[in-house]
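Colleague: When you get a sec, could you give me coordinates for this:
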Amino acid sequence: MRNIAVAACVALMGVAVLAGNSSGSTAPITEASGCQRVPSSGSLSPGMAAATTLEYSNWWQWSNASAGQSFDWSIRKSDGTSVASGSSGGLGDTRTVAANDYVFRIVNRGSVGQFWNVCYDVV
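Modeller: Model (predicted):
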């Protein structure tokens, strides 16, 4: 009997949390804008790749490489499909793509470790 009461309480709490979602959806609400350092700490070694976490966005902006050296970049869907990509001699840029869940991936083509600041938003 106690297990049934605990299960009923948990179920009621779950309904209360879902009902309290002001968007009318039971899915978690995610922030669609922000900035991340790539890599999250330290520097990305030459020839290595790093990416942001998966983010829902349609606008990406990234900084110059910290050492001003070359790198490749791509905006990728969660399945790895690239929707935009390019190479840079060290300068940052901005791209707008169709809104979706993406990661921003960088490959360091320089001769020293580098890092970048990457921002995303829905505009």
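Colleague: For the top strand by length along the chain, which residues meet the burial criterion?
Modeller: If you go by DSSP state E, the chain has its longest strand at strand 93-108. Across strand 93-108, burial judged by 16 or more other CB atoms under 10 Å covers 95, 102-108. C-beta coordinates here come from the backbone N, C-alpha and C atoms, glycine included.
Colleague: Likewise for stretch 110-117?
Modeller: Buried residues in stretch 110-117 (16+ other CB under 10 Å): 110, 113-116.
Colleague: Return the subset of these lying in strands.
Modeller: Reading strands off the buried residues of stretch 110-117 with DSSP E, I get residue 116.
Colleague: sorry, back to before: columns distance to residue 37 and pLDDT on top of the buried residues of strand 93-108, output as CSV?
Modeller: Below are those laid out as CSV (distance: CB to CB, whole Å; pLDDT from 0 to 100):
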residue, distance to residue 37, pLDDT
95, 19, 98
102, 17, 97
103, 14, 98
104, 12, 98
105, 14, 98
106, 11, 98
107, 16, 98
108, 14, 98
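Colleague: can I get these in TSV with distance to residue 86?
Modeller: Shown next, in TSV, are these (distance: CB to CB, whole Å):
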residue	distance to residue 86
95	8
102	15
103	16
104	12
105	12
106	11
107	11
108	15
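Colleague: right, and the pair among those residues with maximum separation?
Modeller: 102 and 108 (19.8 Å; CB to CB).
Colleague: What are the boundaries of the helices in the protein?
Modeller: 2-19 (DSSP state H).
Colleague: Show me the shaky parts of it.
Modeller: Scanning the chain for pLDDT under 70 picks out 1-31.
Colleague: Bridge partners for residue 116, pull those for me.
Modeller: In this entry, residue 116 is beta-bridged to residue 38, by DSSP bridges.
Colleague: wait, doesn't it sit right on residue 92?
Modeller: Yes. Under the criterion of CB atoms under 8 Å, residue 116 makes contact with residue 92 at 7.4 Å.
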